[in-house]
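*Asks:* Okay, sequence plus prediction incoming.
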Amino acid sequence: MARYHSTISRRQFLKALGLGGVGLGASALGATIPGLSSPIHDVDEAIASPLSAMKRPSWIKEVDKPTIEIDWSIMKRFNYYEVMWAGGFAKAWGNSQAALITSAGAGNTALWRKQNKPGYTLADTALNGCTNQAPISFLGPRSSATPATLGVPRWEGTPEENARLVRAFLRIHGACHVGFVELETNTTEKLINAYDGAKTLGVQGPRLDILDVDEPVDKPEDPATGGGGYRIIPKKARWVIVYSLRMSPELIHRAPGMISSREHGYMYDLRTLVQGQLQNFLRTLGYMGLGDTLPFAAFCQSTGFAVLAGLGETCRVMHTITPEYGLMERIFVVVTDLPLAPGKPVDFGVTKFCRVCKKCADYCPAHAIPLDTEPSWEVKGPYNRAGVRHWYRAEPLCRAYIFTAGACAVCFGVCPYSKVHNAAYTNAWQAMAATTPIFDRAIRKMDDFMGYGLRSGDEVEKFWDLELPPFGWT
Amino acid sequence: MRLTFTVVAAILLTVTGLCGCTAARAASIPLNIPPEYYNCTEVTPQVICDAYFSRYGNIAEAQYRFDGLLFVFKNVEVTDSMFKHIDEGYTWVDNLVRCFCVNIDDLKRYKIGDKIDVVGKNEGVVLNFTGLKFGDCIIMPAGSVQLPAPGGTGVAVPVY
């Protein structure tokens, strides 16, 4: 039987929920409130909800199951080597064809740079090439103090307090959304990969074991490539911290090319810093923080965790759409033994909308995104993770286009959800889509009619003349 | 909020009746070309046809060496005659090579005098005609894609 307790006032509670209006307090405690399909039992549970992290509109409903079907009995822990960013590309195309595609990309980008093609100019190339990352590791930098060195016992809080703590920490370090998932052996644990990524492309990464041990272990066979060997996640590390970093629509709407490519790259740069900071933070509290060894999500299925934590819904593009920023976020994950109050999935109509809209599939230059109305259990190849009823992407086509065009992200840019944050029209149609699917087709048509989506031609290079806010967050 | 909702609904319903879904491509999106096409060989229509049909050529040897391979014709000037057989799914390049296209409608985006590149598979000799037939051809603006890829060419083309 769960125990409930309250440590803050009703006023604070309402403020945290973003429901400061008079008269809502009476219905909030122990009752269903707008935006929540299940009752909130107490203040701590409410504050730990994703809804407390941000003032989310009432049309975003918490639900018991994700809006996309998952069959945990089918799902197996995945080998990251299979993805296109690791060994999957050469496996799918064959070595000579893969080399040809890589060479084609180099030839094209060199040609377009000479031609000053919008999105590929020298300035754009310099923008994309400025990447600079902090060291990133499974165990973290381990450069912060520990409770032992500070002479104090480790932090002890309720899961709700801990969640609040981590969320506050991550928000001030640049995270946009923060949520939590509890690992369970036969379900959520399967989202942790069976094999991690290696530093060198085409090399099998270390095995990721989840064992009943006290301390994590990081033993790749070849430290130079990061391949082979194993890593151990202690079974007591049962909680997943899922956080997102927000991308700039101004950059992504200039896809494909070096300008939009930089925005993905920047998220990976920033992530290396934030992950290390979070790992250090957890270390000083007296807990472990186990993360990726690569700048991108290689040791787990981050979209799955984002959905389960209630950050957003997954979609035809197979990424996470949040109500606030659509596809303009990148999701990252750290596993910890700090107990955290898990969130719940949300429903704001995305998967229903995706059935009708199909704009990403219409615009996909590689024709890699399926146009089927209904999602399917059938995977396209070993590079897809079975067990989710999804619109599985033809990854080899997607990746080949990214290589030959130098970059892509067209699907991110054209998605109707990837629009200006908090604009009245965007908020209104999203509320409609969350409430009823009957306007979905009209919303898609309206999106086309308004010319939303990608910048083209000279508009691409006008990026350099924009007076953008910090991080380009428009 | 309710007013906004109503206004947006009205706009949506109006616009729905006025326009259709489009799958238009933004102009700056690079063309998607099957990866194997990057392994093509740059040639002119005259040179490849000479390998088959000129007095110095050897049709049997040319068939053995060049049939089934991918070639690109670069900087082809669009002429009036290129539009004559659009309905039959092909276009002439230099009145020597009949190019059957993946999407012949791509040609309609160009006007006479424009320069294009045409890449496709050499399907060899056509009976009763001293020219070649190319299949699965893709038309693109001249110089828009680096064909062949650096190091991608694997065929030595005769030059007479």
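*Replies:* Yes, it's here. Numbering: from 1, shown residues only, chains lettered A, B, ... in the order given.
*Asks:* those strands in the chain, which residues are they?
*Replies:* Going with chain A. Taking DSSP state E as the test, the strands found in chain A are A:61-62, A:175-182, A:207-211, A:217-219, A:230-234, A:239-246, A:289-290, A:313-314, A:320-321, A:329-336, A:346-347.
*Asks:* Chain B, not that one
*Replies:* Along chain B, counting by DSSP E, strands occupy B:41-42, B:70-77, B:90-93, B:97-101, B:115-125, B:132-141.
*Asks:* Any chance of those strands in a markdown table with distance to chain A, mean neighbour count and mean pLDDT as columns?
*Replies:* Bear in mind the C-beta positions are built from the backbone N, C-alpha and C, glycine included. Output for the strands of chain B, formatted as a markdown table (distance: least, Cβ to the nearest Cβ, whole Å; neighbours: other Cβ atoms under 10 Å in any protein chain shown; pLDDT from 0 to 100):
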| stretch | distance to chain A | mean neighbour count | mean pLDDT |
| --- | --- | --- | --- |
| strand B:41-42 | 12 | 18 | 95 |
| strand B:70-77 | 11 | 20 | 97 |
| strand B:90-93 | 22 | 22 | 95 |
| strand B:97-101 | 17 | 23 | 96 |
| strand B:115-125 | 12 | 20 | 96 |
| strand B:132-141 | 11 | 21 | 96 |
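*Asks:* Residue 66: neighbouring residues, count only.
*Replies:* Since no chain was named, I'll use chain A. By the criterion of other Cβ atoms under 10 Å in any protein chain shown, A:Pro66 has 19 neighbours.
*Asks:* try chain B instead
*Replies:* B:Phe66, neighbours per other Cβ under 10 Å, totals 20.
*Asks:* coming back round to it: of the strands of chain B, which is nearest A:Thr187?
*Replies:* A:Thr187 sits nearest to strand B:132-141 of all the strands of chain B, at 46.7 Å, using Cβ to Cβ.
*Asks:* partners of the closest one, with directions?
*Replies:* Using DSSP bridges, the strands paired with strand B:132-141 are strand B:97-101 (parallel), strand B:115-125 (antiparallel).
*Asks:* Quick check: bridge partners of B:Cys101?
*Replies:* Beta-bridge partners for B:Cys101, by DSSP bridges, are B:Cys137.
*Asks:* returning to that earlier point: quick one, which of the strands paired with strand B:132-141 gets closest to A:Val181.
*Replies:* Using Cβ to Cβ, the strands paired with strand B:132-141 put strand B:115-125 closest to A:Val181, at 48.6 Å.
*Asks:* quick one: the closest one to chain centroid distance?
*Replies:* How far strand B:115-125 lies from its chain's middle: 7 Å, per Cα atoms, centre = their mean, to the nearest Å.
*Asks:* for stretch A:437-455, same thing?
*Replies:* Counting by Cα atoms, centre = their mean, stretch A:437-455 comes out at 24 Å from the chain centroid.
*Asks:* For it, list the C-alpha coordinates in CSV.
*Replies:* C-alpha atoms of stretch A:437-455 as CSV (Å, rounded to 0.1, in the frame of the first residue of the first chain):
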residue,chain,number,x,y,z
PRO,A,437,-9.1,13.7,-34.6
ILE,A,438,-11.8,15.0,-36.9
PHE,A,439,-9.9,18.2,-37.7
ASP,A,440,-6.6,16.4,-38.3
ARG,A,441,-6.8,16.4,-42.1
ALA,A,442,-7.8,20.0,-42.1
ILE,A,443,-4.9,20.9,-39.8
ARG,A,444,-2.5,19.2,-42.2
LYS,A,445,-4.0,21.1,-45.2
MET,A,446,-3.8,24.3,-43.2
ASP,A,447,-0.1,23.6,-42.5
ASP,A,448,0.6,23.3,-46.2
PHE,A,449,-1.6,26.3,-47.1
MET,A,450,0.3,28.5,-44.7
GLY,A,451,3.6,27.4,-46.2
TYR,A,452,4.9,26.1,-42.9
GLY,A,453,7.9,23.8,-43.0
LEU,A,454,11.2,24.3,-44.6
ARG,A,455,13.0,27.5,-45.7
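*Asks:* Can you give me the buried ones in it?
*Replies:* A:437, A:439-440, A:442-449, A:452-455 (16 or more other Cβ atoms under 10 Å in any protein chain shown).
*Asks:* And the residue nearest the centre of chain A?
*Replies:* In chain A, the centroid-proximal residue (Cα atoms, centre = their mean) is A:Ile331; its distance is 2.1 Å.
*Asks:* what stretches of chain A score poorly on pLDDT?
*Replies:* Residue ranges of chain A with pLDDT under 70: A:1-54, A:421.
*Asks:* Just the closest residue of it to chain B, please.
*Replies:* A:Gly107 (3.4 Å; Cβ to the nearest Cβ).
*Asks:* Now do the contacts for that residue.
*Replies:* Listed by Cβ atoms under 8 Å, 6 or more residues apart in numbering or on different chains, the contact set of A:Gly107 reads B:Tyr38, B:Gln146, B:Ala149, B:Pro150, B:Gly152.
*Asks:* residues contacting the closest residue to it other than its chain neighbours?
*Replies:* Spatial nearest neighbour of A:Gly107, excluding adjacent residues (Cβ to Cβ, 6 or more residues apart in numbering or on different chains): B:Gln146 at 3.4 Å. Contacts for B:Gln146 (Cβ under 8 Å, 6+ apart) come out as A:Ala104, A:Gly107, A:Asn108, A:Ala110, A:Leu111.
*Asks:* Try it again at 6 Å.
*Replies:* Contact analysis of B:Gln146 by Cβ atoms under 6 Å, 6 or more residues apart in numbering or on different chains lists A:Gly107, A:Asn108, A:Leu111.
*Asks:* What of B:Phe73?
*Replies:* The contact partners of B:Phe73, by Cβ under 6 Å, 6+ apart, come to B:Pro45, B:Val93, B:Val118.
*Asks:* circling back to that earlier point, the strands of chain B: which one's closest to A:Asn427?
*Replies:* strand B:132-141 (40.4 Å).
*Asks:* And the contacts of the closest one?
*Replies:* In contact with strand B:132-141 (Cβ under 6 Å, 6+ apart) are residues B:31, B:49, B:97-102, B:106-107, B:116-123, B:126.
*Asks:* Over in chain B, which residue gets nearest chain A? Let me know.
*Replies:* Taking Cβ to the nearest Cβ, chain B has B:Gln146 as its residue nearest chain A, at 3.4 Å.
*Asks:* for that residue, phi and psi?
*Replies:* B:Gln146 adopts backbone torsions of phi -80, psi 90, taken as degrees, to the nearest 10.
*Asks:* Which pLDDT value belongs to it?
*Replies:* Among the per-residue scores, B:Gln146 holds a pLDDT of 95.
*Asks:* where does the stretch 1-150 of chain A come near chain B, residue by residue?
*Replies:* Residues of the stretch 1-150 of chain A that fall close to chain B, judged by Cβ under 6 Å from any Cβ of the partner chain: A:Gln97, A:Leu100, A:Ile101, A:Ser103, A:Ala104, A:Gly107, A:Asn108, A:Leu111, A:Pro118.
*Asks:* Tell me the buried residues within the residues you listed.
*Replies:* Neighbour counting by 16+ other Cβ under 10 Å classes A:Gln97, A:Leu100, A:Ile101, A:Ser103, A:Ala104, A:Gly107, A:Asn108, A:Leu111, A:Pro118 among the residues of the stretch 1-150 of chain A next to chain B as buried.
*Asks:* Name all residues that make contact with the fifth one.
*Replies:* Think A:Ala104. Each residue near A:Ala104 by Cβ under 6 Å, 6+ apart is listed here: A:Thr404, B:Tyr38, B:Ala149.
*Asks:* which ones are touching the last one?
*Replies:* So that's B:Ala149. B:Ala149 neighbours (Cβ under 6 Å, 6+ apart): A:Leu100, A:Ser103, A:Ala104, A:Gly107, B:Tyr38.
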